[in-house]
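>>> I need the structure of the sequence given here:
(chains A, B and C)
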Amino acid sequence: MSAITETSDHGHGHHPGLHHQYEDMAQQTESYIVGMWVFLTTEIMFFGALFFIYTLYRWNYQLDFYIAHEHLDWKLGAFNTTVLLFSSFTMVMAVQSAQLKKRIAVMNYLGVTVLCAITFLVVKYFEYSSKFADHLYPGVNFATDAKAAFGEHAFEAGKLAVNMNHAQLFYGLYFCMTGLHAIHIIVGIGIIIALIRLWFNKANSVIHDYVPTEMVGLYWHFVDLVWIFLFPLFYLMPKPH
Amino acid sequence: MSSTVITTDGLLPKPQAEEVNYLNVEHTISSWLLTGDHKRIAILYLISTTFFFFLGSVAAGLIRYELTSPAGVALESDTYNKVFTAHGVIMVFGFLVVAIPAVFGNFVLPLCIGARDLAFPRLNLGSWYMYMTGGSIILAGMITGGVDTGWTFYTPYSSMYSNTQVSLVLVGIFIAGFSTITTGINFVVTIHKMRAPGMTWFRLPLFVWAMYATSLQMILATPVVAITLLLVVVERTFKLPIFSPELGGDPVLFQHLFWFYSHPAVYIMILPGFAVVSELIANFSRKRIFGYHFVAFSSLAIAGLGFLVWGHHMFVSSQSMYESIVFSLLSYLVAVPSAVKIFNWTATMYKGNVRLASPMIYALAFLMIFTIGGLTGLFLGSAGSDIHLTATYFVVAHFHYVMVGGVSLAYMGALHYWWPKMTGRMYAEGIAKANAILIFVGFNLTFFPQFIVGYLGMPRRYHYYYFAPEFQAYHIMSTLGSSVLGLGFILPAFYLTYSLFKGKKAPANPWGAHGLEWETSSPPPVTNFLETPIVMDEVYDFDPVSEHAENMKALEKAEQAENTSEGQH
Amino acid sequence: MLKFPLAPPQASNIAKAYDPLFNTLLALTVIFTLIVCVGVIFFAIRYREGSKADRSRPLYEHLTLELTWTIIPTILGLVMFVWGTIVFIKMKNPPKDSQEIFVIGKQWMWHVEHSNGVRENNTLHVPVGRNVKLTMISEDVLHAFYIPAFRVQMGVVPGRYTTLWFNCNKAGEYHIFCNMYCGTQHSEMGGKVVAMEPKEFEEWLANGGQSSAPMSMEQAGAKVYAKVHCDNCHGKEDNLHAPSLYGIYGKRRVFADGTSLIADNEYLRESIVQPYNHITAGYGQTMPAYQNQLSEVDLINLVAYIKSLGSTIEPAPSSLVNRASAITEATHSNSSTTLKTNAEQYNEEDHNATPTHRGKAPAVGAIAAEGKDR
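Next up, the predicted model:
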């Protein structure tokens, strides 16, 4: 008893971007998009664990985290947020241009996205440098000068009011989470540059099919979204009672 | 001067043109190492998982050898600790999580849904390279000093105290984890988007349902352990105080994060086993699986509930009484779908036409052994009874019953079932049947005594037990059994390899089984099917009644022929 | 002779509550395993291809059957869950009148401290019939305190206290194991619970952790010998460091300057407090002088012990309690070598010897119980 009782006509003339395992472009497009969303789900679980750890420790050490966070400059953080949001906008425009097959526009928008990403990293560099200058990284010499690091709030009636272990924990999480995010930005820059090259070389895989560009766009929006959560959690803490 | 050309036309028989299949289409190394063909990638995985299984088994042999005497035999404690860690790490991350999905999922899944390949062939190749890279880094760590933390890497021992190659091995596991994640992504998209026309969800073989459930778990759970292990590396390198109490961190937090993955991980290991057993029982009982819908949904139930029970590994970790009670309740609930499967599989054989070929023997062994393994899990899922048994050899016996008696037996059954399809050769069935029984016997001799000695109080991960030499008898029994078991796992290497050269050529459907993979040649052509199949029949469309009638007729005929030939004498 | 015990001793109230639960789970396991195994084998034989069994109207689904074998195991499971939870709640709630004992786990030993300050290592003395609560913490990595005979176990965590409790109902000695992997000597981090009748326990506690049964002089001297580490140099035979003390009493000792003396009490005492007065032939001035370091009581006991070395008269078997304390003190000061010696010694010693005459490895658990009856 055979399950094969008929054959299907394989199709006339392949779309130049069609890969051999797919029957038609619709199937390919859907597969790529679904695959990308599934991948982003795994990224959510990846960052999610870190957000969980952060939530747990901040809940338990609210005051210490508040005092420790004062060294972060919310203005720089806000600037970075704006930069990334803008880069997401240019990325959306790049995807739209890809759908409209406007090659030059695509490359321009992708280029601006990369510039925004680099700006973000430059600001991050300055932020990290100032932390290192004040010894605000986990290790033996953490925060040797608490006044310089945390300001007046760190002291109450002349005594240290912040638990240095917990402050160290805060900065450990800060570097881990923003560091992991920065790694994703760097990888994203690499991917976008590779995409620009493909468009520049008029590669079949991107000229005739907007989906690869859309997939890169999805990744970039995800990276932006992670920052949208990181920024208020680290930079915009309200003072606990 | 012209020379006469001598031809052999008409003098010699024309050689048969050998059918082009995925194995012989190209022979270069790069055609293998840069392939996108899911079948070739499956063979690459077959070789590498066999290699890791062998290494892990050697470590197991060393452990059992050491445990024959209460004061050890040949190893220092440091070495012994590294050996059992190596056994755990290699077996879990190098074999159990990977083997059935990566070998048989890769090979069979596209075939049995009627697709030409997986959704993302290059990503599939990337998965294999991530697995090899991660595995190589793990081995490098083992060779350059080893790791002595146990495969669970509990903090603060792993993050602040052990001075072994912890960071290197954790990086290896981290990279290998991405192999799992990408395989999961590939399978999910393939199952959703690449089914042949007419292949509706409820016409899918149960193999696919279980692989789907596995893939969901791979995708959601693995990233959590990846980041957790990475944090341990960061803590070791940069003294980040996340899991260290001296610095304000929480060592039990590591356990929560670790087991949040590792409990679903055990379902990632066993669900593909369930996938295989469904196929074997249906095709060798020549009958549709009893309660198809219940079995299909039970896989999803296990995948879902499996995320909610991780705390049953932590009843004595200092988590609160209330946490423990909730996890215990959920653990009892997750046991139910597995029980349903066992009953359904058994009921499938009722009024079927059972063929006891070697794959079926593995499947039946699975049913019996997994029942014991699963039921002993109930001892551990109840917080009250777990207090006495946790971290003893009772737990070791429990998980070896489900992992070796479950996953590894399912793997062997799959190997014997799909071997003709993958290689185009038949192996010596008689030896294979005897080997299956050898494994069953050796397995029980090895691991059953461990239940007893664990109940008596023998802790796990113990090199010496000279405080309690009364445990020795059971350890000796277990070691003797392990030599039988080891033999059972070594023999297939020989008779299966032999079949590659001298085995009979396999027809497209040597077992008379149902499934799209049996509708194409053995081995399959590169694109799986010469024409895209269109599915019109239900799955496991056997008719045991008419088959039985035919069998009876054939038997009568044979009897008559005997009688007449006798009558002639 | 290999032994095949099937169950650990049932020596606490928790164990009494535990065993019925375990046995019921065991019975259920056996029943369901038999159902499946018999079913599988029976069907495989009866319905094998070519058998004449009736296959008309085969079954592909049957909702009632499915629900039955879903609901019944669920109910059985929930019943066992509830029972297990009741036992668990009992295990997690020490009574308010529990006597508290403190335990500190560290790589690779257990420090135990009783509420009146008495300390012991790797041993836990408890009274029979009283509620005892252990409050535990780790100094370094995760450990776990496990007493199989009592069916109690709890993780020992750095940075926070954990507790377990029990009420021991049978005097005797029982295994303690560390049951959370903690590094190199994880498997050597064991010990024993010594459960004594309440009166005996009170005496023990009041005596600063000593049994009131008086020690013989030889036993007291053995303790001093171990404390001062005479065995670092003095072995069974003459060696590079020091002459043997075995059988020395009453023998003539020849000295480096040619003179000699019979080894009597006076000589033995002098050779400890001022060893350089008479240096044995073949040796130099290497032994330290113990003048002012040992009391006269210590000296007299030490001499008595040395007199007993190598003599054909067996010293009176010390109570296991005292030997344990003696050993644990030695263990405490030089843990790794002594523990390793235990493993090596296990391989060397005569395994048919009764526990009291075994080497240094403390006899515990089933064997100790048997030994007492021999």
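>>> What segments of chain A are helices?
A:25-60, A:62-69, A:74-99, A:103-133, A:146-150, A:164-200, A:204-207, A:211-235 (DSSP state H).
>>> residues in contact with the second one?
This means helix A:62-69. A:57-58, A:150, A:153-154, A:161-163, A:166-167, A:170-171, A:234-235, A:237, A:239-240 (CB atoms under 8 Å, 6 or more residues apart in numbering or on different chains). (C-beta placed from N, C-alpha, C; glycine too.)
>>> Whichever of those residues end up buried, select them in PyMOL.
Restricted to buried positions by 16 or more other CB atoms under 10 Å in any protein chain shown, the PyMOL selection for these reads:
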select buried, chain A and resi 57+58+150+154+162+163+166+167+170+171+234+235+237
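>>> which SSE is B:Met132 in?
helix B:121-143 (DSSP states H and E).
>>> just to revisit the earlier point, ok, which of the helices of chain A comes nearest B:Ala432?
Of all the helices of chain A, helix A:25-60 sits nearest to B:Ala432, with 38.5 Å by CB to CB.
>>> pLDDT weak spots in the chain?
All of this is about chain A. A:1-13, A:158 (pLDDT under 70).
>>> let's do chain C instead
C:1, C:210-215, C:311-374.
>>> Please go through it and pick out the longest helix.
Chain C, longest helix under DSSP H: helix C:13-46.
>>> count of residues packed around residue 195?
Just so you know, I chose chain A. Neighbours of A:Leu195 under the rule other CB atoms under 10 Å in any protein chain shown: 24.
>>> that's the other chain; I wanted chain B
B:Arg195 has 20 nearby residues by other CB under 10 Å.
>>> The residue nearest to it when sequence neighbours are not counted and B:Lys421, how far apart?
Distance criterion CB to CB, 6 or more residues apart in numbering or on different chains; nearest residue to B:Arg195, sequence neighbours excluded, is B:Ile113 at 4.7 Å. To B:Lys421, B:Ile113 is 15 Å away according to CB to CB, to the nearest Å.
>>> give me phi/psi at the residue of chain C found nearest chain A?
Chain A sits closest to C:Gly159 of chain C, with a gap of 11.0 Å, by CB to the nearest CB. Main-chain torsions, C:Gly159, degrees, to the nearest 10: phi 90, psi -10.
>>> That one: what's it in contact with?
B:Pro245, B:Glu246, B:Asp250, B:Pro251, C:Ile137.
>>> and the stretch 1-150 of chain B, which residues reach chain C?
B:Ser69, B:Pro70, B:Ala71, B:Gly72, B:Ser77, B:Asp78, B:Asn81, B:Asp148, B:Thr149, B:Gly150 (CB under 8 Å from any CB of the partner chain).
>>> Correct me if wrong: the second one contacts B:Tyr465.
When you say that, I think you mean B:Pro70. Yes: if you go by CB atoms under 8 Å, B:Pro70 and B:Tyr465 touch, sitting 4.9 Å apart.
>>> Look up phi and psi at the residue lying closest to B:Asn551 once chain neighbours are set aside.
The shortest distance from B:Asn551 to any non-neighbouring residue, by CB to CB, 6+ apart, is to C:Gly50 (5.3 Å). Main-chain torsions, C:Gly50, degrees, to the nearest 10: phi 90, psi 0.
>>> and for stretch A:99-111, what are the contacting residues?
Applying CB under 8 Å, 6+ apart, the set of residues contacting stretch A:99-111 is A:90-91, A:93-94, A:97-98, A:192, A:195-196, A:199-200, A:202, A:207, A:210, A:213.
>>> Write the ChimeraX selection for whichever of those residues are buried.
To isolate the buried ones among the contacts of stretch A:99-111 in ChimeraX, judged by 16+ other CB under 10 Å, type:
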select /A:90,91,93,94,97,98,192,195,196,199,207,210,213
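>>> The longest helix of chain C and chain B in contact?
Yes: for helix C:13-46, a contact with chain B is found by CB under 8 Å from any CB, at C:18, C:21-22, C:25, C:28-29, C:32-33, C:36-37, C:39-41, C:43-44.
>>> rewinding a little: please indicate which of the residues of the stretch 1-150 of chain B next to chain C are buried?
Members of those classed as buried by 16+ other CB under 10 Å are B:Ser69, B:Pro70, B:Ala71, B:Gly72, B:Ser77, B:Asn81, B:Asp148, B:Thr149, B:Gly150.
>>> so what pLDDT did the third one get?
The predicted local distance difference test score for B:Ala71 is 91.
>>> So it belongs to a helix, correct?
No: assigned with DSSP: H, G, I helix; E, B strand; the rest coil, B:Ala71 falls outside any helix and is coil.
>>> Near residue 42, how many other residues are there?
As the question left the chain open, I've gone with chain A. For A:Thr42, using other CB under 10 Å, the count is 21.
>>> You answered for a different chain; I wanted chain C.
13.
>>> what's the distance between it and C:Ile35?
11 Å.
>>> again with A:Leu233
54 Å.
>>> Comparing those two, which residue is more hemmed in?
A:Leu233 (18 against 15).
>>> List the residues that contact the more buried one.
A:Phe51, A:Tyr54, A:Arg58.
>>> burial count for the residue nearest to the second one when sequence neighbours are not counted?
Beyond its immediate neighbours in the sequence, the residue positioned closest to A:Tyr54 (CB to CB, 6+ apart) is A:Leu173, lying 5.2 Å away. For A:Leu173, the count of nearby residues is 24 (other CB under 10 Å).
>>> can you check C:Ala53 too?
Per other CB under 10 Å, the neighbour tally for C:Ala53 reads 13.
>>> just to revisit the earlier point, okay, the helices of chain A, which one's buried deepest?
The highest average neighbour count among those, using mean count of other CB atoms under 10 Å in any protein chain shown, belongs to helix A:62-69 at a mean of 21.
>>> Quick check: closest non-adjacent residue to C:Ile306.
C:Leu245 (5.3 Å).
>>> and B:Ile325, how far is that from C:Phe166?
B:Ile325 is 21 Å from C:Phe166, by CB to CB.
>>> more crowded one of those two?
Counted by other CB under 10 Å, B:Ile325 and C:Phe166 do not tie: C:Phe166 has more neighbours, with 26 against 20.
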